[in-house]
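Participant: No letters, just coordinates:
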């Protein structure tokens, strides 16, 4: 496994792989790898000739009040996990290589970026789309892998790829969960033992909504209070939002009959967790 | 010469050229070709294995009050000129292929885009950088050619390429002028005979500023009124701006001693012309 930190070296290497006719699979991450990331990497290794993992905690997607400074970092552990899995290259740039002095270009997806997470974290997706655009230009992948856990991010990146005519396929992989249903996230490590226990209510609430939907309760005005109630059975939980939206536009919908994305964001102490479930159309 | 209008066909063709080890030179234009464009194409043909010319009148860089609707178009004439010169491919997409329904992604260069032209044309550069980013992803060039006539555009595109880690070299080519000094522009065709005659004052004013600068008058407070006076000797002229700025930041400077960009925008009736001159540092 090769570790590359220079942008130009990564570009030359990607060029040489492409000239040899190799397909490049790419998994961009902020490190602190868990089974969620590993599932993306496994998928890439299965489907691409070479798999590139990037590890970069992107300051542009954190607001000043957020947890950029304390975001978990353990490169040696990540490196070991990647190597064992069969990753070919880790792209691991310094902050200054990605955002040098005078940096001023941003990629924005209007509309989608302002909804759900974008309401709570106003410049978050501007940071995400900018760094992903940059990483695509550096790593030059044929296929990129993202998790359904960050449903809105996946949708926005697909929109950016389509709109900007990036010649890249996207594969969205299912959310990986703990035994009690909690979606894997690097931020789970911040949870106190009590909060960790209560965090299982998130998935439980989403599964209950799915059951109701499948059993004929498809009115958002019924489903949202139900989800809210279940989340509130966790005493530490502080709900940021519970939303039932169209899975393409992310705009609120009144009924889940034609399918929907149910998305929630919940604080446990200062740790903010998100999760979602896709409801399929019912006949 | 091949004419391609499909985005995916252009991408596949660019891929095949790259696989053969060919270098791709790219000249993005809005058509209505003149000697300025031809000079860029000649430079590309000299330095690249294959030269791609794009012709696309980009609605995103015009405000609703501007001249998008009446921008000159003559594809057959452009095609003939390109063929005679030795252009290999014209990429000529439909508007719907570039901005389909639901389009919502934009590339923005903050700061630089708000100065000079950006003050008079608030969303102009957002449109320029977005379409150029898209065209780069479609045409996949190694080198792209732009004219010094649009000095701010050239600077912003170089900034975008650097910031977004686009693996593309940029060549800026000198402004091509009529015998009386008027910079070539597709918009010159809109000028009445009187306005066309008076438009020569633009270059004259810039050359006078250069002489003053070289002879020791380097104070912007002296130079700007001189330029303004000369422009005002054209009765039809209505000055939009006369600016003396740092050639990298485009921020106003008090003295041209360390070098400067002198940029002007002038209306002749409803036709808005721009021009500029780069002053070199004096010892």
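Facilitator: Here it is on my side, so go on. Please read these numbers as outputs of a predicted model, since none were measured by experiment. Numbering: from 1, shown residues only, chains lettered A, B, ... in the order given.

Participant: okay, now the domains of chain A?
Facilitator: According to automatic domain parsing, chain A comprises the domains A:2-173, A:186-277.

Participant: Please produce TSV containing those, extended by distance to residue B:169 and mean pLDDT.
Facilitator: C-betas here are computed from N, CA, C, even on glycine. What follows is the domains of chain A, written out as TSV (distance: least, CB to CB, whole Å; pLDDT from 0 to 100):
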stretch	distance to residue B:169	mean pLDDT
domain A:2-173	13	97
domain A:186-277	38	97
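
Participant: So which of the ones you listed is nearest residue B:278?
Facilitator: Nearest to residue B:278, of all the domains of chain A, is domain A:2-173, at 20.2 Å by CB to CB.

Participant: out of the domains of chain A, nearest to residue B:10?
Facilitator: domain A:2-173 (9.2 Å).

Participant: Roughly how far does the closest residue to chain B within the stretch 151-283 of chain A sit from residue B:68?
Facilitator: When scored by CB to the nearest CB, the stretch 151-283 of chain A has residue A:163 as its residue closest to chain B, at 3.5 Å. The gap separating residue A:163 from residue B:68 is 20 Å, by CB to CB, to the nearest Å.

Participant: The two: which has the busier surroundings?
Facilitator: Taking other CB atoms under 10 Å in any protein chain shown, residue A:163 and residue B:68 do not tie; residue A:163 has more neighbours (23 against 15).

Participant: quick one, phi psi at the spatially closest residue to the more buried one that is not a sequence neighbour?
Facilitator: Nearest-residue entry for residue A:163: residue B:105, 3.5 Å, with adjacent residues in sequence omitted and distances by CB to CB, 6 or more residues apart in numbering or on different chains. Phi and psi for residue B:105, reported as degrees, to the nearest 10, are phi -110, psi 130.

Participant: burial of residue B:105, as a residue count?
Facilitator: 25.

Participant: residues in contact with it?
Facilitator: Counting by CB atoms under 8 Å, 6 or more residues apart in numbering or on different chains, residue B:105 makes contact with A:107, A:108, A:109, A:110, A:129, A:159, A:160, A:163, A:164, B:130.

Participant: Could you identify the buried members of the residues you listed?
Facilitator: Buried subset of the contacts of residue B:105 (neighbour count, 16 or more other CB atoms under 10 Å in any protein chain shown): A:107, A:108, A:109, A:129, A:159, A:160, A:163, A:164, B:130.

Participant: So which of these sit within strands?
Facilitator: Among these, the members found in strands (DSSP state E) are A:107, A:108, A:109.

Participant: Turn those into JSON lines, including distance to residue A:41.
Facilitator: Listed next are those as JSON lines, based on distance: CB to CB, whole Å:
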{"residue": "A:107", "distance to residue A:41": "25"}
{"residue": "A:108", "distance to residue A:41": "29"}
{"residue": "A:109", "distance to residue A:41": "26"}
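
Participant: Now narrow those to whatever sits close to chain B.
Facilitator: A:107, A:108, A:109 (CB under 8 Å from any CB of the partner chain).

Participant: just those residues now: which is nearest residue A:81?
Facilitator: Using CB to CB, those come closest to residue A:81 at residue A:107, 29.7 Å.

Participant: How much space separates the closest one from residue A:160?
Facilitator: If you go by CB to CB, the gap between residue A:107 and residue A:160 works out to 6 Å.

Participant: Quick check: neighbours shared by those two?
Facilitator: Residues touching both residue A:107 and residue A:160 (CB under 8 Å, 6+ apart) are A:129, A:132, A:133, B:105.

Participant: now these in a markdown table, with distance to residue B:81?
Facilitator: Shown next, in a markdown table, are the shared contacts of residue A:107 and residue A:160 (distance: CB to CB, whole Å):
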| residue | distance to residue B:81 |
| --- | --- |
| A:129 | 38 |
| A:132 | 39 |
| A:133 | 35 |
| B:105 | 33 |
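
Participant: Could you work out the most separated pair of the residues you listed?
Facilitator: A:132 and B:105 (11.6 Å).

Participant: which residues are common contacts for these two?
Facilitator: By CB under 8 Å, 6+ apart, the residues touching both residue A:132 and residue B:105 are A:107, A:160.

Participant: is it true that residue A:268 touches residue A:198?
Facilitator: Yes. With contacts counted by CB atoms under 8 Å, residue A:268 reaches residue A:198, the gap being 6.5 Å.

Participant: Pull the number of nearby residues for the closest residue to residue A:258 other than its chain neighbours.
Facilitator: Once flanking residues are discounted, residue A:258 sits nearest to residue A:281: 5.1 Å by CB to CB, 6+ apart. Neighbour count for residue A:281, taken as other CB under 10 Å: 10.

Participant: Do I have it right that residue A:281 meets residue A:259?
Facilitator: Yes. In this structure residue A:281 lies within contact range of residue A:259 using CB under 8 Å: 4.1 Å.

Participant: so what's the residue of the stretch 1-150 of chain A found nearest chain B bridging to?
Facilitator: Nearest to chain B, among the residues of the stretch 1-150 of chain A, is residue A:105, at 3.5 Å (CB to the nearest CB). Beta-bridge pairing for residue A:105 (DSSP bridges): residue B:109.

Participant: ok, which residues in the stretch 51-200 of chain A are in contact with chain B?
Facilitator: So the stretch 51-200 of chain A meets chain B at A:103-112, A:129-130, A:133-134, A:137-138, A:140, A:159-160, A:163-167 (CB under 8 Å from any CB).

Participant: 6 Å - rerun?
Facilitator: Proximity of the stretch 51-200 of chain A to chain B (CB under 6 Å from any CB of the partner chain) is limited to residues A:103-111, A:133-134, A:137-138, A:160, A:163-167.

Participant: For chain A, which segments are assigned as helices?
Facilitator: A:7-19, A:35-47, A:75-85, A:95-98, A:117-120, A:124-139, A:151-163, A:193-198, A:200-214, A:220-232 (DSSP state H).

Participant: any chance of these in CSV, plus distance to residue B:180?
Facilitator: Shown next, in CSV, are the helices of chain A (distance: least, CB to CB, whole Å):
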stretch, distance to residue B:180
helix A:7-19, 45
helix A:35-47, 61
helix A:75-85, 64
helix A:95-98, 48
helix A:117-120, 53
helix A:124-139, 43
helix A:151-163, 43
helix A:193-198, 76
helix A:200-214, 72
helix A:220-232, 69
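
Participant: Residue A:277 is nearest to which of those?
Facilitator: helix A:200-214 (4.1 Å).

Participant: And for the residue most central in space within chain A, nearest residue in space, chain neighbours not counted?
Facilitator: Centroid-nearest residue in chain A, with CA atoms, centre = their mean: residue A:150, separated by 3.5 Å. Distance criterion CB to CB, 6+ apart; nearest residue to residue A:150, sequence neighbours excluded, is residue A:274 at 7.4 Å.

Participant: Run a quick neighbour tally on residue A:249.
Facilitator: Neighbours around residue A:249, by other CB under 10 Å: 14.

Participant: now residue A:235
Facilitator: Residue A:235: 8 neighbours (other CB under 10 Å).

Participant: what does residue A:82 give?
Facilitator: Neighbourhood size, residue A:82 [other CB under 10 Å]: 24.

Participant: For it, which residues are in contact?
Facilitator: Going by CB atoms under 6 Å, 6 or more residues apart in numbering or on different chains, residue A:82 touches A:53, A:90.

Participant: picking that back up, tell me which of the shared contacts of residue A:107 and residue A:160 is nearest to residue B:223?
Facilitator: Using CB to CB, residue A:133 comes nearest to residue B:223 of the shared contacts of residue A:107 and residue A:160, at 40.2 Å.

Participant: is it true that the closest one touches residue A:107?
Facilitator: Yes. The pair residue A:133 / residue A:107 is scored as a contact, 4.4 Å apart, by CB atoms under 6 Å.

Participant: about what we covered before: between residue A:268 and residue A:198, tell me which one has more neighbours.
Facilitator: Comparing residue A:268 with residue A:198 by other CB under 10 Å, the one with more neighbours is residue A:268, at 24 against 20.
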